[in-house]
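K.L.:
What shape does this take:
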Amino acid sequence: MATLLEQLRQMTKVVADTGEFESIVKYKPQDSTTNPSLIMAAAKMPAYGALIDSVIADAKAELGKDADKKRIVEMAFSHLAVAFGKKILEIVPGRVSTEIDARLSYDTDATVKQAREIIALYEKDGFTRERILIKIASTWEGIQAAETLEKEGIHCNMTLLFGMHQAIACAEAKVTLISPFVGRILDWYKKDTGKDYKGAEDPGVRSVTAIYNYYKKFEYKTVVMGASFRNMGEITELAGCDLLTISPKLLEELDSTEGDLPRKLDAAVAKASKVDRIEMNKEIFARMHAEDRMANEKLKEGIEGFSAALVDLEKLLAEKV
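P.N.:
Predicted coordinates for the structure are as follows:
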């Protein structure tokens, strides 16, 4: 009998949620995605020392021998995520997601500017923008930035997405892809209610299922990539989702488990469902976000967490300069 991973690949595009090249080689995903925390974890490993040294050396060479340490760190920092992305693109046949500085999450213009700079760094070395997804936090400001970028042919992956209002705003902005965070939604509900959740009752699973059905019902082109899984059950309950980005640990568990894996999400079934369309604008977004305590708290927490990882990464680079 086929493994769960083999069966999952028949109905869902599998993406590796890691910055570790060895795991990407091992599980052969179509695409790969990283975030500041994953890059920070990889950057601490001796195996990636040469890559970091190379980025710092390039920054020194570009800025000149008289450049101060702070400026060198700034340039090395801005190039590091792209350096990881380039290595990943040499392994995967599809796309890599590279994240905007989380500290810019509420600044539309700065987000657009940095996204253009990231794309330019990739294109300078011959990687086309069709293979890059720019990861942006799903704030209202971030979604407006993504709408601008998509019109320029710069494709976006909207991250830190927890609520239907965020998902609808992203679809209306015609972004390429969203990454609703299944496990972080579960974490919040377990802490808030004291309950444990299994299978289809998992709040994260229910959220992604609702978003998927809404998108297919109204024929949005934006695709759904479930992310941030806590257990294998969350993944199997979303079999059939457009994409799922999965950590090496859970990829290994899926690859070593045999059994029947039924499709849970189906575009044709969603199309036939009864779902009311929700109008979306800045005021409605703000109201829905304020009313959704979970989405409000988890978005804030996620931005703060990614920002902290970036600060740590800057310190690591400063130590190596």
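K.L.:
what about His155, neighbour count?
P.N.:
Other residues near His155 come to 20 when the count uses other C-beta atoms under 10 Å. Backbone N, C-alpha and C define where each C-beta goes, glycine included.
K.L.:
next one: Ala169
P.N.:
29.
K.L.:
How about the contacts made by it?
P.N.:
Contacts of Ala169 were listed using C-beta atoms under 8 Å, 6 or more residues apart in numbering, and they are Ser138, Trp140, Ile143, Met280, Phe285.
K.L.:
pretty sure Ser179 is in a strand, no?
P.N.:
Yes - looking at Ser179 with DSSP: H, G, I helix; E, B strand; the rest coil, it is inside a strand.
K.L.:
Now do the contacts for the residue lying closest to it once chain neighbours are set aside.
P.N.:
Leaving aside its chain neighbours, Ser179 sits nearest to Ala227 (4.2 Å; criterion: C-beta to C-beta, 6 or more residues apart in numbering). The contact partners of Ala227, taken as C-beta under 8 Å, 6+ apart, are Asp17, Thr33, Thr159, Ser179, Pro180, Phe181, Val182, Leu244, Thr245.
K.L.:
Phi first, then psi, for Ala227.
P.N.:
phi -140, psi 170 (degrees, to the nearest 10).
K.L.:
Mind listing the residues bridging to it?
P.N.:
Beta-bridge partners of Ala227, counted by DSSP bridges, are Phe181.
K.L.:
And the pLDDT for it?
P.N.:
Looking at Ala227, its pLDDT is 97.
K.L.:
Which residue ranges of this structure form strands?
P.N.:
Using DSSP state E, the strands found in the chain span residues 13-17, 31-33, 96-99, 132-137, 156-161, 177-180, 223-226, 243-246.
K.L.:
Reformat those strands as a markdown table; add distance to Glu90.
P.N.:
Formatted as a markdown table, the strands of the chain follow (distance: least, C-beta to C-beta, whole Å):
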| stretch | distance to Glu90 |
| --- | --- |
| strand 13-17 | 14 |
| strand 31-33 | 11 |
| strand 96-99 | 10 |
| strand 132-137 | 14 |
| strand 156-161 | 20 |
| strand 177-180 | 22 |
| strand 223-226 | 22 |
| strand 243-246 | 19 |
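K.L.:
For Lys135, give me its contacts.
P.N.:
Counting by C-beta under 8 Å, 6+ apart, the residues that Lys135 touches are Thr33, Asn35, Ser97, Thr98, Glu99, Ile100, Cys156, Asn157, Met158, Thr159, Ser179.
K.L.:
out of these, who's nearest Ala120?
P.N.:
Closest approach to Ala120 among the contacts of Lys135 (C-beta to C-beta): Thr98, at 12.2 Å.
K.L.:
my guess is Asp17 meets Leu243, correct?
P.N.:
No - using C-beta atoms under 8 Å, Asp17 is not in contact with Leu243, being 10.9 Å away.
K.L.:
low pLDDT regions in the protein?
P.N.:
Applying pLDDT under 70 to the chain flags no residue at all.
K.L.:
Tell me which residue lies nearest the centroid of it.
P.N.:
For the chain, the residue nearest the mean C-alpha position is Thr159 (4.8 Å; C-alpha atoms, centre = their mean).
K.L.:
Isn't that one up against Thr139?
P.N.:
No - in this structure Thr159 lies outside contact range of Thr139 using C-beta under 8 Å: 10.6 Å.
K.L.:
and the gap between Glu219 and Ile132?
P.N.:
26 Å (C-beta to C-beta, to the nearest Å).
K.L.:
who has more neighbours, those two?
P.N.:
Ile132 (24 against 9).
K.L.:
And for the nearest residue to that one once chain neighbours are set aside, the neighbour number?
P.N.:
Among residues not flanking Ile132 along the chain, Tyr122 sits closest, at 5.4 Å (C-beta to C-beta, 6+ apart). Tyr122: 19 surrounding residues under other C-beta under 10 Å.
K.L.:
Identify the residues contacting Tyr122.
P.N.:
Neighbouring residues of Tyr122 by C-beta under 8 Å, 6+ apart: Val82, Gly85, Lys86, Thr98, Thr128, Arg129, Arg131, Ile132.
K.L.:
Pull the contacting residues for the last one.
P.N.:
Which is Ile132. Gly85, Arg95, Val96, Ser97, Thr98, Ile118, Ile119, Tyr122, Ile154, His155.
K.L.:
rerun that using 10 Å as the cut-off
P.N.:
Contacts of Ile132 were listed using C-beta atoms under 10 Å, 6 or more residues apart in numbering, and they are 82, 85, 89, 95-98, 115, 118-119, 121-123, 154-157.
K.L.:
Please apply the same query to the second one.
P.N.:
Taking C-beta under 10 Å, 6+ apart as the contact definition, Gly85 lies against 19, 32-34, 39, 95-99, 118, 121-122, 127, 131-133.
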